[in-house]
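>>> fold the following, please.
(one chain, ligands or ions: 1)
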Amino acid sequence: MSDNESAAIETMLLEERRYPPPAKFAAQANAKPEIYAESFDDFWEREGRERLSWFEPFEGLYEWEPPYAKWYLGGKLNVCFNCVDRHVEAGNGANVAYHWEGEPADDRREISYADLQRDVVRFANALKKVGVVKGTPVAIYMGMVPELPVAMLACTRLGAPHTVVFGGFSADSLSDRMNDMECEVLITQDEAWRRGSPVPLKRTADEAMDAAPGVRASIVLRRTGNDVPMRDGRDHWWDELEAGESDDAASCPCEPMDSEALLFLMYTSGTTARPKGIVHTTGGYLCGVAATHHYIFDLKPERDVYWCAADIGWITGHSYIVYGPLCNGATSVLYEGTPDYPDKERWWEIVERYGVTILYTAPTAIRSHMKWGPQHAEKHDLSSLRLLGSVGEPINPEAWIWYREHIGGDRTPIVDTWWQTETGMILITPLPGVTTLKPGSATKPFPGIDAGVFDERGNEVGPGGGGYLVLKRPWPAMLRGIFKDPARYVETYWSKYENVYFAGDGARIDRDGDFWLLGRVDDVMNISGHRISTIEVESALVDHQDVAEAAVCSRKDATTGEAIVAYVTLKSSADPSIEKLQELRDHVAKKIGAIAKPANIVFTPELPKTRSGKIMRRLLRDVAENRPLGDTTTLADPAVVSEIQHRAEDEQGTDEA
Ligand code: WTA
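Purely as a prediction, here's the structure:
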């Protein structure tokens with residue numbers, strides 16, 4: 001962590017710019033300064049009662065038996081009811097839930113809350129036909145189409161837990177997840193659109209289902225309309241399965257669920273090869289995401305048009321495209337495609353078309369727009385924007401300033417929100433009408449969140465100090481464990497400090513008590529805001545028949561934040577050619593997904609190891625970043641590193657920009 005840390009410290013020392021909340025914004029804000037004065041119990045009790053509708057009220061706020069928490073004990077509720085039905089019942093059925101924009105030009109749909117309710121009810125009735133009942137695990141493998149939230153909500157309506165697998169993941173990644181969760185049903189689509197080309201989701205799903213025999217039925221949405229293989233008795237077309245089903249809410253009532261019932265699993269990378277199934281439950285999760293969405297994005301459902309430009313296949317999309325915004329009755333934009341298709345103006349065209357008022361995205365996207373230049377945004381009227389957000393990795397002050405100037409008209413606050421798949425909800429963030437912003441700092445813990453920075457020995461560091469980010473009290477949307485792996489849950493998050501959650505991120509607190517996040521301190525890389533572990537990529541490489549050994553690390557990258565560099569020792573029979581490089585990169589894409597493809601591969605006859613045989617990633621990072629080498633005294637064979645350095649210098653041509 002020393003590299004990241006020193007870089008971030010430099011940044012912090014230089015960063016003197018301050019942005020107090022504009023008076024007009026502060027006057028109308030959902031969160032006022034007093035919000036920080038409310039006690040932990042009062043805050044979450046009030047949020048639990050007011051933010052959600054319960055079929056049976058909760059009796060206890062929370063129970064903490066480290067490392068397991070339960071929230072809103074005894075309460076019964078349904079997520080779909082909170083996100084859809086209650087808005088219709090309150091007379092808001094005509095409000096738009098999603099302005100959906102497909103990738104192909106003019107492919108648009110407006111979905112009101114009443115439409116959403118009809119779509120969800122009809123599809124939930126269809127799910128019942130393939131045997132989905134309360135508790136049936138369902139996998140969802142789709143692109144950014146309106147039917148994706150419909151599928152998720154239909155599951156929650158029936159009380160069936162889901163796992164959504166990002167549409168860019170490979171067949172192996174999909175089957176691993178389906179096997180781990182013991183999924184019985186898979187919801188997918190024929191193909192997805194990406195930069196004008198069809199992505200073969202159903203074909204990939206077929207391969208995955210071959211390796212996941214527990215999946216007995218699949219439901220396939222027609223998106224591109226191209227031919228895909230369908231297996232009789234197992235595969236059903238979405239439209240055929242739901243034809244004739246009722247869309248009347250009374251035909252499929254919302255299942256009352258216990259507050260602690262499993263809502264979904266979201267798989268995420270850790271420090272070993274197997275992805276972890278992060279467990280999120282019903283009441284606490286929904287309250288946490290709805291409350292944070294309300295205060296941090298200052299949502300006014302009657303006037304705002306909110307756009308979180310993430311993918312629903314990641315936690316950001318679950319919490320801040322689907323569950324938080326819908327629970328709050330928001331009008332959102334849902335966009336199927338990429339920011340540069342058909343050209344680099346696409347996002348700004350969308351902001352102008354729908355009058356987007358709140359935009360939430362990732363530093364990697366902001367840096368891409370910076371690279372393309374402000375002229376694309378300048379062609380569009382972005383004056384509707386009143387608030388911007390950032391998530392996924394530390395945002396560089398230059399990117400923050402660019403975002404504010406060129407997108408926010410030098411006028412909008414920016415909320416830099418820190419959180420994780422495991423935390424379920426945003427935990428460290430400014431409140432836009434309250435907090436004085438500093439470019440590059442996520443500022444303060446959200447009300448009702450007890451965060452701190454600990455040193456190696458578990459002492460809290462004071463202002464000006466640096467160390468590890470921890471959470472000292474449970475919070476409503478926290479993970480309830482790693483699915484079927486309690487030992488790993490304890491080891492990953494609860495073994496470094498007693499009864500304190502270890503986030504795996506480095507952090508510093510400045511003299512005003514503001515937090516500066518410094519990146520991961522473990523072997524997890526952050527590529528375009530997505531967590532990928534070094535070991536997963538290494539395992540994928542070693543899986544190739546020609547690879548003897550592989551070590552993976554990341555280097556800094558101007559656009560993606562970090563980029564993957566792989567050092568590969570081939571078996572002696574194999575030829576280290578350019579074609580082989582491409583083959584290995586494709587192999588990683590096939591095993592994990594295109595996001596995990598190494599940007600560079602260096603062939604080397606030997607990897608630098610300690611005498612005990614541990615690969616010295618720190619040295620590989622030094623090589624990858626062209627830095628002078630750190631301490632090499634523990635190396636078994638120091639000559640190995642200089643050899644790798646020479647090879648890395650010769651290897652410029654393999655970088656795929
Ligand atoms: C990083 C995404 C600095 C961090 C919601 C964390 C951030 C990991 C920020 C979680 C931020 C996320 N500033 N770093 N605002 N937001 N991170 O699980 O390293 O995909 O641990 O959840 O992203 O990534 P995940």
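>>> residue of the stretch 251-400 of the chain nearest the ligand, please.
Distance from the ligand to each residue of the stretch 251-400 of the chain (C-beta to the nearest ligand atom) is smallest for residue 394, at 4.0 Å. The C-beta positions use only the backbone N, C-alpha and C, and glycine is treated the same way.
>>> so that residue sits against residue 518, correct?
Yes - with contact defined as C-beta atoms under 8 Å, residue 394 reaches residue 518; the gap is 6.9 Å.
>>> what sits closest to the residue of the stretch 251-400 of the chain closest to the ligand if chain neighbours are left out?
Using C-beta to C-beta, 6 or more residues apart in numbering and skipping the chain neighbours, the partner closest in space to residue 394 is residue 517 (5.0 Å).
>>> ok but that neighbour is inside a strand, no?
Yes - counting by DSSP: H, G, I helix; E, B strand; the rest coil, residue 517 is located in a strand.
>>> give me the number of residues near it?
By the criterion of other C-beta atoms under 10 Å, residue 517 has 22 neighbours.
>>> what's the answer for residue 27, then?
Residue 27: 10 surrounding residues under other C-beta under 10 Å.
>>> quick check: closest non-adjacent residue to it.
Nearest residue to residue 27, sequence neighbours excluded (C-beta to C-beta, 6+ apart): residue 433, at 7.8 Å.
>>> and that neighbour, which of the three is it?
Here residue 433 is coil, with the state taken from three-state DSSP.
>>> repeat that for residue 421.
Looking at residue 421 with three-state DSSP, the answer is coil.
>>> so it makes contact with residue 315?
Yes - judged on C-beta under 8 Å, residue 421 makes contact with residue 315 at a distance of 4.3 Å.
>>> element containing residue 140?
strand 138-141 (DSSP states H and E).
>>> same check on residue 121?
Assigned by DSSP H and E, residue 121 belongs to helix 113-129.
>>> ditto for residue 568
Counting by DSSP H and E, residue 568 is found in strand 561-570.
>>> helices or strands up against that strand?
On a contact count with 3 or more C-beta pairs under 8 Å, 6 or more residues apart in numbering; DSSP states H and E, strand 561-570 meets helix 363-372, strand 524-527, helix 534-542, strand 547-557, helix 578-591, strand 600-603, helix 617-624.
>>> who does the longest one touch, helix- and strand-wise?
Using 3+ C-beta pairs under 8 Å, 6+ apart as the contact criterion, the neighbours of helix 578-591 among helices and strands are helix 171-181, helix 534-542, strand 561-570, strand 600-603.
>>> of the ones you listed, which is nearest the ligand?
strand 561-570 (9.4 Å).
>>> mind saving the C-alpha coords of the closest one as PDB?
Extracted in PDB, the C-alpha atoms of strand 561-570 (Å, rounded to 0.1, in the frame of the first residue of the first chain):
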ATOM      1  CA  GLY A 561      -7.400   3.700 -12.900                       C
ATOM      2  CA  GLU A 562      -5.400   0.500 -12.800                       C
ATOM      3  CA  ALA A 563      -4.500  -1.800 -15.600                       C
ATOM      4  CA  ILE A 564      -3.600  -5.500 -15.400                       C
ATOM      5  CA  VAL A 565      -0.100  -6.600 -16.100                       C
ATOM      6  CA  ALA A 566       0.700 -10.300 -16.300                       C
ATOM      7  CA  TYR A 567       4.100 -12.000 -16.000                       C
ATOM      8  CA  VAL A 568       3.900 -15.400 -17.600                       C
ATOM      9  CA  THR A 569       6.300 -18.300 -17.700                       C
ATOM     10  CA  LEU A 570       5.500 -20.600 -20.600                       C
END
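>>> before we move on, the earlier item: higher neighbour count, residue 421 and residue 315?
The residue with more neighbours, out of residue 421 and residue 315, is residue 315; 25 against 19, by other C-beta under 10 Å.
>>> got a pLDDT number for the more buried one?
Looking at residue 315, its pLDDT stands at 97.
>>> show me what contacts it?
Applying C-beta atoms under 8 Å, 6 or more residues apart in numbering to residue 315 gives the contacts 266, 268, 278, 420-421, 424.
>>> residues from the protein in reach of the ligand?
Taking C-beta under 6 Å from any ligand atom as the contact definition, the chain meets the ligand at 268, 315-316, 391-394, 416-421, 442, 503-505, 517, 519-520, 526, 530-531.
>>> go again using 8 Å as the cut-off
268, 314-316, 319, 390-395, 416-423, 428-429, 442, 503-505, 517, 519-520, 524, 526, 529-531 (C-beta under 8 Å from any ligand atom).
>>> give the pairing partners of the strand holding residue 140; include direction for each.
The pairing partners recorded for strand 138-141 under DSSP bridges are strand 162-164 (parallel), strand 185-189 (parallel).
>>> need the winner for burial among those strands.
Mean neighbours per residue, mean count of other C-beta atoms under 10 Å, is largest over these for strand 185-189, with a mean of 28.
>>> now that strand: average pLDDT?
Averaged across strand 185-189, pLDDT comes to 99.
>>> can you tell me how far residue 152 is from residue 255?
15 Å (C-beta to C-beta, to the nearest Å).
>>> residue 499: neighbour count?
Using other C-beta under 10 Å, residue 499 has 12 neighbouring residues.
>>> got it, and residue 494?
By other C-beta under 10 Å, 16 other residues sit near residue 494.
>>> that one and residue 487 touch, don't they?
No - with contact defined as C-beta under 8 Å, residue 494 does not reach residue 487; the gap is 10.8 Å.
>>> follow-up on the earlier one: next up, the contacts around the residue nearest to residue 394.
Going by C-beta under 8 Å, 6+ apart, residue 517 touches 8, 394, 418, 428, 442, 469, 505-507.
>>> what's the most distant pair in the residues you listed?
Greatest spatial distance among the contacts of residue 517 (C-beta to C-beta): 8 and 428, at 14.8 Å.
>>> between the two, which has more neighbouring residues?
Higher neighbour count among residue 8 and residue 428: residue 428, with 25 against 22, using other C-beta under 10 Å.
>>> lowest-pLDDT helix or strand in the protein?
helix 2-14 (a mean of 45; mean pLDDT, DSSP states H and E).
>>> residues of the helix or strand following it that come out buried?
Going down the chain from helix 2-14, the next helix or strand is helix 23-28, by DSSP H and E. Within helix 23-28, the residues scored as buried using 16 or more other C-beta atoms under 10 Å are 25-26.
>>> who does helix 23-28 touch, helix- and strand-wise?
Contacting helix 23-28 under the criterion 3+ C-beta pairs under 8 Å, 6+ apart is no other helix or strand.
>>> kindly format the C-alpha coordinates of it as PDB.
This file holds the C-alpha atoms of helix 23-28, laid out as PDB (Å, rounded to 0.1, in the frame of the first residue of the first chain):
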ATOM      1  CA  ALA A  23     -26.800  28.700  -0.200                       C
ATOM      2  CA  LYS A  24     -29.700  28.000  -2.600                       C
ATOM      3  CA  PHE A  25     -28.900  24.300  -2.600                       C
ATOM      4  CA  ALA A  26     -28.600  24.100   1.200                       C
ATOM      5  CA  ALA A  27     -31.900  25.900   1.700                       C
ATOM      6  CA  GLN A  28     -33.900  23.200  -0.200                       C
END
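>>> off-centre distance for that helix?
Distance of helix 23-28 from the chain centroid (C-alpha atoms, centre = their mean, to the nearest Å) equals 30 Å.
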